[in-house]
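K.L.:
let's see this in three dimensions:
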Amino acid sequence: MNKPIDLRKEFQSGLSYQNFLEGTGIHKRRYLKTYATALISDSDCEFFSRLENIFILILAEAWCPDVSAIIPVVVRAEIGRASCRE
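P.N.:
Numbering: from 1, shown residues only. Sure thing, here's the model as predicted:
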């Protein structure tokens, strides 16, 4: 019989974005550039500010161009979500 997966435990054992970023090696510049240029619109800010108790589990490899294009935007949206409430 399969044992249920404790998603909270799995989530807590993952890397933070900062720790992930430190492990990206030669690809780090791409992540930083994407983060610096990612903008969250007012309507996106409004949408994200209404969300509560968000847990995002991302399975990624640092070398993947799709990952370097998406993860920094997700992080920017999460930071924007917090600042939208201020």
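K.L.:
for residue 55, see how far away residue 9 is.
P.N.:
12 Å (Cβ to Cβ, to the nearest Å). C-betas here are computed from N, CA, C, even on glycine.
K.L.:
now do residue 17
P.N.:
Taking Cβ to Cβ, one finds residue 17 at 14 Å from residue 55.
K.L.:
compare the two (neighbour count), which wins?
P.N.:
residue 17 (17 against 8; other Cβ atoms under 10 Å).
K.L.:
quick check: closest non-adjacent residue to the more buried one.
P.N.:
residue 75 (5.0 Å; Cβ to Cβ, 6 or more residues apart in numbering).
K.L.:
what's the neighbour count on residue 24?
P.N.:
As a burial measure, residue 24 scores 19 neighbours (other Cβ under 10 Å).
K.L.:
my read is that it contacts residue 64, right?
P.N.:
No - in this structure residue 24 lies outside contact range of residue 64 using Cβ atoms under 8 Å: 10.4 Å.
K.L.:
roughly how far does the closest residue to residue 54 other than its chain neighbours sit from residue 13?
P.N.:
Computed as Cβ to Cβ, 6+ apart, the closest residue to residue 54 that is not its neighbour in sequence is residue 78, at 7.4 Å. Residue 78 sits 19 Å away from residue 13, going by Cβ to Cβ.
K.L.:
for residue 46, grab the count of nearby residues.
P.N.:
Neighbour number of residue 46 under other Cβ under 10 Å is 10.
K.L.:
all further residue positions should be reported with the first residue as 338.
P.N.:
Sure, I'll start numbering at 338, so the last one becomes residue 383.
K.L.:
next, count neighbours for residue 371.
P.N.:
Residue 371 has 17 nearby residues by other Cβ under 10 Å.
K.L.:
what is the end-to-end distance of stretch 355-375?
P.N.:
Stretch 355-375 has its terminal residues 17 Å apart, counting by Cα to Cα, to the nearest Å.
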